[in-house]
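Visitor: My questions concern the predicted model and sequence given below.
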Amino acid sequence: MTTLTPDLLEPIGRRVAAANAAFRRLYPGDPLDRQPVHTLYGGAHLFKADTPAKMGQLALRSLDDYAPNFAIFARILAMSGHELLPHKETEIKQLEEALTADPEAVKRANEPAWMAYTIYTRVRDKLRREPVEDLRIDFEDGYGNRPDAEEDADAIKVGEQLALGMEKGSLPPFIGFRVKSFSDECYDRSVRTLDLVLTTLAGKTGGRVPANFVVTLPKVQMPDQVAALADLLDLLEDRLGIPAGAIGMDLMIETPQAIINHRGENTVNLLVEAGRGRVKACAYGTYDYTALVNITAHFQTHTHPAADFARHVLQVSLAGRGVTISDGATTIMPIAPHKATPDKPLTAQQVAENLETVHYGWKLHYDNITHSLRHGYYQGWDLNPAQLPVRYAAVYHFFLESLADASKRLNAFVERAAQATLVGNTFDDAATGQGLLNFFLRGMACGALTEAEATATGLTLEELRSRSFVKIVRDRAARKAA
């Protein structure tokens, strides 16, 4: 016998159901589609349809020049177990041959060697196959302030080259361009560039735009600026024959006001909502943010506590909202200070200084990326093609070092969840299961994990490609019940 009768329970249950429905609308969950692991920024004046491939060639050249084998690369980045790797070229060569012939045997005997070699070879393959996952053609910091006639010409050229890249199939899977901010000084110039790029592109393609195409708005301070860009995109899409909503928005969270406004309110979700469904991503800008909260240049590091505070606010604000987040850049470039000429080769000291500079820049970038990954930021900025080898090395190391544990956990989790569903229990930990599944989806998408490593979880490729933990569990429970 119970005390609560149906007539007493009905209005309360109705309110709970309505509240749950409202919650699901506000928090649809993280996107199940692929998220790139980086965004590479490059000046608009340099962009051409074949830029992504050239970036890969430059990245490979940097790797060849400053880390010609896996052992050197692992030592530069201080990968786990790098102390156990050989130094002599003959010994490295012998180890490479053994790894090529039977990698699993070497892995059992010397896992650090297997890890370093696997990362190095997969990075090289990535740089040949898909060197850039997300490219942002930049009319802001990477472009500077130029005469109007020059920016007009570059904006038209960018539209033409985007169209050519679509025709040739040479664009990366994610792409967009960054306009100047919507400050009083820059607004008119920013809007004109936006118009010229999109008008030229649509004129060449009949209204088509690249897949996963966004406009990045920097230094966002208030929702009205985001709403203005949404209004402009509405107008341009309508008049240029571009499908409604085809152009997404990428907001740069790099001012204190984009985190907390003058009323003490969290601004992040207000900014996203002002985009009326167009905001696909928010990117955190470490150095502008820390400068604007009066941290002096000497202490403006990627790992400063103030930077972590802003990261966490952005992360918590957008958890489950269907908007991806990315982290800021390493601004110290791995670029050699000395260049040889045909009539003036480098001295031994200059060679040493080049190595030291590049290796320092690589290690700093590696540590910063690892910091971001540990904080749940799976995407970040790169500013130079020489940073690409390290971007992928850090990401690949992150996935490979967690692979064995994640495989066991996901397999056990799916089995328990399917059994719970089979006997009619509500499985409340679907978010944890989806998080484990996302680990493998992210790793496969960027090239860190192979299909064989992912299916070692006990999941099939078909299940993995469904991208939905709930669907996998339901399908397995249905098969068991049949």
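Guide: Received it, and whenever you're ready, just let me know what you need. Numbering: from 1, shown residues only.

Visitor: And for Asn269, the neighbour number?
Guide: Around Asn269 there are 15 other residues, counting by other Cβ atoms under 10 Å. Heads up, the C-betas are built off the backbone N, CA and C, glycines and all.

Visitor: I figured it hits Ser317, correct?
Guide: Yes. Counting by Cβ atoms under 8 Å, Asn269 does reach Ser317; the two are 5.5 Å apart.

Visitor: and Phe177, what element?
Guide: Assigned by DSSP states H and E, Phe177 belongs to strand 174-178.

Visitor: Name the next helix or strand following that strand along the chain.
Guide: Sequence-wise, the next helix or strand downstream of strand 174-178 (DSSP H and E) is helix 187-205.

Visitor: Who does the helix or strand that comes right after that following helix pair with, and is each partner parallel or antiparallel?
Guide: Elements were assigned by DSSP H and E; along the chain past helix 187-205, the next helix or strand is strand 213-217. Here strand 213-217 has these sheet partners by DSSP bridges: strand 174-178 (parallel), strand 248-253 (parallel).

Visitor: Check what contacts the shortest one and list those residues.
Guide: Residues from elsewhere that reach strand 174-178, judged by Cβ atoms under 8 Å, 6 or more residues apart in numbering: 36, 39, 41, 44, 133-140, 142, 158, 162, 197, 210-218, 248, 250, 252.

Visitor: 6 Å instead, please
Guide: The contact list for strand 174-178 (Cβ atoms under 6 Å, 6 or more residues apart in numbering) reads 36, 134-138, 140, 197, 210, 212-216.

Visitor: re the thing from before, how about the strands paired with strand 213-217, which one is nearest Val16?
Guide: strand 248-253 (33.7 Å; Cβ to Cβ).

Visitor: OK, contacts around Ala113?
Guide: By Cβ under 6 Å, 6+ apart, Ala113 lies in contact with Leu95, Val106.

Visitor: what about it, distance to Leu77?
Guide: 15 Å (Cβ to Cβ, to the nearest Å).

Visitor: Glu96 now?
Guide: Relative to Leu77, and taking Cβ to Cβ, Glu96 is found at 18 Å.

Visitor: The two - which one has more neighbours?
Guide: Leu77 (23 against 18).

Visitor: So that one sits against Asp367, correct?
Guide: No. Leu77 is beyond contact range of Asp367, at 8.6 Å (criterion: Cβ atoms under 6 Å).

Visitor: Find the residue closest to Thr199 in space, skipping its chain neighbours.
Guide: Leu240 (6.3 Å; Cβ to Cβ, 6 or more residues apart in numbering).

Visitor: Turn the contacts of strand 174-178 into CSV, including neighbour count, distance to Pro86 and pLDDT.
Guide: Formatted as CSV, the contacts of strand 174-178 follow (neighbours: other Cβ atoms under 10 Å; distance: Cβ to Cβ, whole Å; pLDDT from 0 to 100):
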residue, neighbour count, distance to Pro86, pLDDT
Pro36, 23, 35, 96
Asp134, 24, 37, 98
Leu135, 26, 38, 98
Arg136, 25, 40, 98
Ile137, 25, 43, 98
Asp138, 24, 42, 97
Glu140, 24, 46, 96
Val197, 25, 51, 98
Pro210, 21, 45, 98
Asn212, 19, 43, 97
Phe213, 21, 47, 98
Val214, 24, 46, 98
Val215, 23, 50, 98
Thr216, 24, 45, 98
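
Visitor: Tell me how many other residues crowd the closest residue to Gln225 other than its chain neighbours.
Guide: Using Cβ to Cβ, 6+ apart and skipping residues adjacent in sequence, the residue nearest Gln225 is Phe182, 4.3 Å away. As a burial measure, Phe182 scores 22 neighbours (other Cβ under 10 Å).

Visitor: what does the one 10 residues further on give?
Guide: If you count neighbours by other Cβ under 10 Å, Arg192 ends up with 16.

Visitor: Quick check: it vs Ile242, distance?
Guide: According to Cβ to Cβ, Arg192 stands 18 Å off from Ile242.

Visitor: likewise Asp475?
Guide: Applying Cβ to Cβ, the value for Asp475 to Ile242 is 38 Å.

Visitor: Also Ile137?
Guide: Distance from Ile137 to Ile242, by Cβ to Cβ: 17 Å.

Visitor: Of Asp475 and Ile242, which one has the most company?
Guide: More crowded of Asp475 and Ile242, by other Cβ under 10 Å: Ile242, with 21 against 15.

Visitor: What distance do you get for the more buried one to Tyr378?
Guide: Applying Cβ to Cβ to Ile242 and Tyr378 gives a distance of 29 Å.

Visitor: same check, this time on His302
Guide: His302 sits 16 Å away from Tyr378, taking Cβ to Cβ as the criterion.

Visitor: Select the longest helix from this structure.
Guide: Looking across the chain with DSSP state H, the single longest helix is helix 348-374.

Visitor: looking only at pLDDT, what's the mean for that helix?
Guide: Averaged over helix 348-374, pLDDT sits at 96.

Visitor: Please apply the same query to stretch 463-475.
Guide: Throughout stretch 463-475, pLDDT has a mean value of 82.

Visitor: got the end-to-end distance for it?
Guide: This stretch, stretch 463-475, spans 9 Å end to end (Cα to Cα, to the nearest Å).

Visitor: buried set for that stretch?
Guide: Glu463, Leu464, Ser466, Arg467, Ser468, Phe469, Val470, Ile472, Val473 (16 or more other Cβ atoms under 10 Å).

Visitor: So which residues of the stretch 301-450 of the chain form helices?
Guide: Secondary structure of the stretch 301-450 of the chain, counting by DSSP state H, counting those that start in this stretch: helices at 305-318, 348-374, 388-401, 403-422, 430-446.

Visitor: right, so the ones you listed: which one is the most enclosed?
Guide: When these are scored by mean count of other Cβ atoms under 10 Å, the highest mean neighbour count falls to helix 388-401 (a mean of 24).

Visitor: So which elements touch that one?
Guide: With contacts taken as 3 or more Cβ pairs under 6 Å, 6 or more residues apart in numbering; DSSP states H and E, helix 388-401 sits against helix 51-66, helix 111-129, helix 348-374.

Visitor: Turn those into a markdown table, columns for distance to Arg14.
Guide: Below are the helices and strands packed on helix 388-401 laid out as a markdown table (distance: least, Cβ to Cβ, whole Å):
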| stretch | distance to Arg14 |
| --- | --- |
| helix 51-66 | 53 |
| helix 111-129 | 53 |
| helix 348-374 | 43 |
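
Visitor: Out of those helices, flag the one nearest Pro28.
Guide: That would be, of the helices and strands packed on helix 388-401 and by Cβ to Cβ, helix 348-374, which comes in at 24.4 Å.

Visitor: now the closest one against helix 305-318, angle please.
Guide: 40 degrees (axes from the mean of the first three to the mean of the last three Cα atoms, to 10 degrees).

Visitor: can you start the count at 46 instead of 1 from here on
Guide: Renumbered: residue one is now 46, and that last one reads helix 393-419.

Visitor: Can you check what angle separates helix 393-419 from helix 96-111?
Guide: Orientation check (the same axes, to 10 degrees): helix 393-419 against helix 96-111 gives 120 degrees.

Visitor: got any ranges where the chain has weak pLDDT?
Guide: Within the chain, the stretches with pLDDT under 70 are 462-474, 527.

Visitor: returning to what we had before: may I see the strands paired with strand 258-262 organised as a markdown table, with mean neighbour count and distance to Asp197 added?
Guide: Listed next are the strands paired with strand 258-262 as a markdown table, based on neighbours: other Cβ atoms under 10 Å; distance: least, Cβ to Cβ, whole Å:
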| stretch | mean neighbour count | distance to Asp197 |
| --- | --- | --- |
| strand 219-223 | 25 | 14 |
| strand 293-298 | 25 | 23 |
